[in-house]
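>>> can you look at this prediction? I've put the sequence above it.
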Amino acid sequence: MEDYVFHRDLTKVYPIITHGKGVYLYADDGKRYLDGCSGAVAANLGHGDKGIAEAMALQAEKAAFVHTMRFETEVLHKLAERVAKLAPAPLNKVYFTCGGSEANESAIKLARQYFRDRGEPEKQVVIGRWQSYHGNTIGSLSAGGDIKRRQPYNGYLLPFQHVSAPHCLHCPFNRIESECESNKDWSCVHELERLVLEIGPSQISAIIAEPITGSQAGAIPPPSSYFEQVRALCDRYDLLLIIDEVMTGFGRTGAHFAIEHYGVIPDIITFGKGVSGGYSPLGGMIVHDKIVEGIIQNGHGKFVHGYTYSGHPVTVAAGVAALEKYETDDILANVNEQENHLMSGLLNLKKKFAIVYDIRGRGLFFGLELASRQDGTPFMPDERIAEKLNEKAMELGAVFYPGSGTVNGHAGDHMIIAPPLIINRDEIDELIGLLDSALQALMDSMKEGT
């Protein structure tokens, strides 16, 4: 068969998936894969859910598309209400997109317009964090701190600024987490404040951050008081706080949104992936009342932005059905019930294999960091250790989410373990067993030099 697909990697031949069921995917050669990363931490509700598929089909029969510049649908209002009621009380308006990149692009533009309409057009710089990821549009890529993704497009990127994310295991300031925590004195927060003052608060619109640093660092939770201090800084200097929940939202960490764990109310929450359980491209942002009021009072009520498929009825119907399943099946309870079992299994792998340097995460969102020595010395980037581990896992019948640049954006390897939120105890045992075998196969190949 001739191949007309422009693949992510044109040198690879990819398995063809014919169908999925629960936490498993099935290929056309009969092979079964345990989905240990929910695709891209998106298929939160697993595969083959007929209820969601039927809801999409029913909406397609009613109205497959309307342009939200002219019309809206009942299902749009239904999903907006459901999403808003999951967010903190002052965030009451929901803007829909087709995914996380668009959601973060929208939030960046909204922050800009909010201040421009208020008579402060110079407030336009966004501060992001290194080793963060907010999407692949030019705006979201500019705000993100993924060095490898940024470098090919440096000439196109916006002059946004970046600071260190809290990564206490590899602290760039050579400090100990317990000392920072006991004194509530975080060098990474001081770095942020210094940058704000250096640029000038009058030039900055927003700070954007993942509540748990995700794909580019391997599920690193922040210190408990970190976001309290960031929120206070935003309030002190009149900056908006954008929290990127694209990967962590809708139950992934055992709460509706991961920022709930840290007791902070953002100005904008962006979301994607889990809102539809991956059944249809869907994302968006939830906006604080003060921003909405500002747009109404100062911008004639018009957000100067939009996408053709924003609020697409069939996609939105998938979101409504997905959120109903989260509720009826009490998905959050399952996440909290399975968290310790998954953590325990991963910690056992750390004890068994010297190259497993760290296990961290929350809910059903964990990172496994790989290192060449027990002091955390990273492998060289060209060794592709995380990629090789995932290749071994796929040979055995499991798929995970490998990443690199864990330590400084260049060196370091990690693997995200984030199975569908419907996973049960026996399936977690199977996942751990497959990962154990993959680690052993990797170790064996390293000894053989292959």
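That came in fine, so what should we check first? Nothing here was measured: the structure is a model prediction, and the numbers come from that model.
>>> just name the shakiest helix or strand of the protein by mean pLDDT.
Scoring the helices and strands of the chain by mean pLDDT, DSSP states H and E places helix 177-183 at the bottom, with a mean of 82.
>>> name the residues that touch that one?
When contacts are defined by CB atoms under 8 Å, 6 or more residues apart in numbering, helix 177-183 is touched by residues 168, 171, 185-187, 223-225. (Each C-beta comes from the backbone N, C-alpha and C, glycine too.)
>>> buried sites along that helix?
Cys180 (16 or more other CB atoms under 10 Å).
>>> counting by contacts, list what the helix or strand following that helix packs against.
Remark: after helix 177-183, the chain's next helix or strand is helix 187-199, criterion DSSP states H and E. Secondary structure elements in contact with helix 187-199, counted by 3 or more CB pairs under 8 Å, 6 or more residues apart in numbering; DSSP states H and E, are strand 125-129, strand 161-163, helix 226-237.
>>> among these, which is the most enclosed?
Mean neighbour counts were compared across those using mean count of other CB atoms under 10 Å; the top stretch is strand 125-129, at a mean of 24.
>>> for it, which strands pair with it and how are they oriented?
Pairing partners of strand 125-129, with direction, according to DSSP bridges: strand 161-163 (parallel), strand 204-209 (parallel).
>>> and the contacts of the longest one?
Strand 204-209 is contacted by residues 104, 107-108, 111-112, 114-115, 123-129, 132, 134, 143, 165, 192, 196, 227, 230, 233-234, 237, 239-244, 267-268 when judged by CB under 8 Å, 6+ apart.
>>> got the angle between it and helix 226-237?
Inter-element angle recorded for strand 204-209 and helix 226-237: 180 degrees (by axes from the mean of the first three to the mean of the last three CA atoms, to 10 degrees).
>>> mind exporting the C-alpha coordinates of strand 204-209 to CSV?
The C-alpha trace of strand 204-209 is given here as CSV (Å, rounded to 0.1, in the frame of the first residue of the first chain):
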residue,chain,number,x,y,z
ILE,A,204,4.0,42.6,31.6
SER,A,205,0.5,41.2,31.0
ALA,A,206,0.7,37.7,32.5
ILE,A,207,2.5,34.8,34.1
ILE,A,208,1.7,31.4,32.7
ALA,A,209,2.5,28.1,34.4
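>>> which residues of the stretch 351-450 of the chain fall in helices?
Secondary structure of the stretch 351-450 of the chain by DSSP state H, counting those that start in this stretch: the helices cover 385-396, 425-448.
>>> quick check: angle from the first one to helix 425-448?
For the pair helix 385-396 and helix 425-448, the angle between their directions (the same axes, to 10 degrees) equals 120 degrees.
>>> return the distance of helix 385-396 from the chain's centre.
With CA atoms, centre = their mean, to the nearest Å as the basis, the distance from the averaged C-alpha position of helix 385-396 to the chain average is 22 Å.
>>> let the chain start at 37 from now.
New numbering, starting at 37: the last item is helix 421-432.
>>> pull it out as PDB, backbone CA atoms only.
Extracted in PDB, the C-alpha atoms of helix 421-432 (Å, rounded to 0.1, in the frame of the first residue of the first chain):
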ATOM      1  CA  ILE A 421      17.300   6.400  26.900                       C
ATOM      2  CA  ALA A 422      13.700   7.300  27.500                       C
ATOM      3  CA  GLU A 423      12.800   6.700  23.800                       C
ATOM      4  CA  LYS A 424      14.600   3.300  24.000                       C
ATOM      5  CA  LEU A 425      12.700   2.400  27.100                       C
ATOM      6  CA  ASN A 426       9.400   3.100  25.500                       C
ATOM      7  CA  GLU A 427      10.400   1.100  22.400                       C
ATOM      8  CA  LYS A 428      11.100  -1.900  24.700                       C
ATOM      9  CA  ALA A 429       7.700  -1.400  26.300                       C
ATOM     10  CA  MET A 430       5.900  -1.300  23.000                       C
ATOM     11  CA  GLU A 431       7.600  -4.500  21.900                       C
ATOM     12  CA  LEU A 432       6.200  -6.000  25.100                       C
END
